[in-house]
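A.B. asks: next input, structure requested:
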Amino acid sequence: MAKNKGLGMGLEALLKMNVSSEDLPFDSNKSSEQGKKVLAGFVELEIDKIVANPEQPRKNFDQESLNELAQSIKNFGLIQPITVVRKNDIYEIVTGERRFRASKIAGLSKIPVIIKDISQKEKLELSLVENIQRENLNPIEEALAYSSLIESYNVTQEELASRIGKSRTTITNSIRLLNLDVQIRRWIMEGKISPGHGRAILSIEDAKHQLSLAQYILDNNLSVREVEALSKKWPMKKNSIKKLQKTIKSFELSEAEKSIEQKLKTKVSIVGSVKKGKIEINYFSEEELERIIDFILENK
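C.D. replies: Numbers count the residues shown, from 1 in each chain. Sure, this is the predicted structure:
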């Protein structure tokens, strides 16, 4: 009878990943077999022998979120190992710094790790990819990580895009954000304005005018489309700005009317602006009124 290749095989295979060479920092309370130094594989390490990666793309860690994760780790342990590389007698984090930080808050003395034998370039790539996949990086951190890989390891944008599964255009548009004024970049990091706003602002060469438009975006809650139109003529007089914005908003409302009409299959009018107004739905028989009401109630 064939052996059962169920859940136990996964753990067995993981434990056999270990590639040992020299001795780990010796612990007299343990056997010599337990004291093997692992270059690559799965092992449990003392948390004080693990250090953060100075090139970690992610710079901001929400303290409340860390505390919540720490409480979960206290209750259930660290379920997913972090990834590290060995540097002399310490181990530098490749992926999982958030889990590492939360484990320290939770008071753990040891945590499970996967040790990889990889280059500095591969380490930065892995850290970048993990953060992108988890959507942990803000747009500026992501741009800085792309730029660092390209400059430090002399790779092209095409090569980087292929390695991390992004399009070259995505890489280019991301890195362009680093040309913005530092205050505008800070607002993008904080989510006050979007990368789309930032790219629209970049069409303005003068840094002071870039900053004044960014401030106007914040003050007036402008859409990316509005900024794209304004940036072509910025700086502008207040009266000119209002006229241009009114034209842009009318176009947006016109497109919205068409979309609603296609759904409801009747004439629709939007009166007002994108910030305030009313939607008028026309019907021309009792049956049509009932059909429209039924449609709205079914899709509420």
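
A.B. asks: what ranges does the chain have for its strands?
C.D. replies: Using DSSP state E, the strands of the chain run over 19-23, 36-46, 50-51, 82-87, 90-95, 110-115, 268-272, 277-281.

A.B. asks: now those in TSV, with mean neighbour count?
C.D. replies: C-beta here means a position set from N, CA and C on the backbone, and glycine is covered the same way. Output for those, formatted as TSV (neighbours: other Cβ atoms under 10 Å):
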stretch	mean neighbour count
strand 19-23	11
strand 36-46	17
strand 50-51	17
strand 82-87	19
strand 90-95	21
strand 110-115	20
strand 268-272	14
strand 277-281	12
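
A.B. asks: next, format those as a markdown table and append distance to Ala256 and mean pLDDT.
C.D. replies: A markdown table is the format used below for these (distance: least, Cβ to Cβ, whole Å; pLDDT from 0 to 100):
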| stretch | distance to Ala256 | mean pLDDT |
| --- | --- | --- |
| strand 19-23 | 60 | 44 |
| strand 36-46 | 55 | 66 |
| strand 50-51 | 53 | 93 |
| strand 82-87 | 47 | 86 |
| strand 90-95 | 43 | 87 |
| strand 110-115 | 50 | 89 |
| strand 268-272 | 6 | 76 |
| strand 277-281 | 9 | 85 |
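
A.B. asks: mind checking which of those is nearest Thr169?
C.D. replies: strand 90-95 (26.2 Å; Cβ to Cβ).

A.B. asks: from the contact counts, what lies against the closest one?
C.D. replies: When contacts are defined as 3 or more Cβ pairs under 8 Å, 6 or more residues apart in numbering; DSSP states H and E, strand 90-95 sits against strand 50-51, strand 82-87, helix 120-133.

A.B. asks: average pLDDT for stretch 146-153?
C.D. replies: For stretch 146-153, mean pLDDT rounds to 81.

A.B. asks: identify the residues contacting it?
C.D. replies: 55, 57, 121, 124-125, 128, 155-157, 160, 171, 174-175, 178 (Cβ atoms under 8 Å, 6 or more residues apart in numbering).

A.B. asks: one more time with 10 Å
C.D. replies: 55, 57, 119-122, 124-125, 128, 132, 155-157, 159-161, 163-164, 166, 170-172, 174-175, 177-178 (Cβ atoms under 10 Å, 6 or more residues apart in numbering).

A.B. asks: out of those, which end up buried?
C.D. replies: 57, 124-125, 128, 132, 155, 157, 160-161, 164, 166, 171, 174-175, 177 (16 or more other Cβ atoms under 10 Å).

A.B. asks: just name the lowest-scoring one in those, pLDDT-wise.
C.D. replies: Minimum pLDDT across the buried ones among the contacts of stretch 146-153 is recorded for Ile132, with 62.

A.B. asks: what about stretch 186-205, start to end distance?
C.D. replies: End-to-end distance of stretch 186-205 (Cα to Cα, to the nearest Å): 19 Å.

A.B. asks: what residues sit buried inside that stretch?
C.D. replies: So for stretch 186-205, counting by 16+ other Cβ under 10 Å, buried means 187-189, 193-202, 204.
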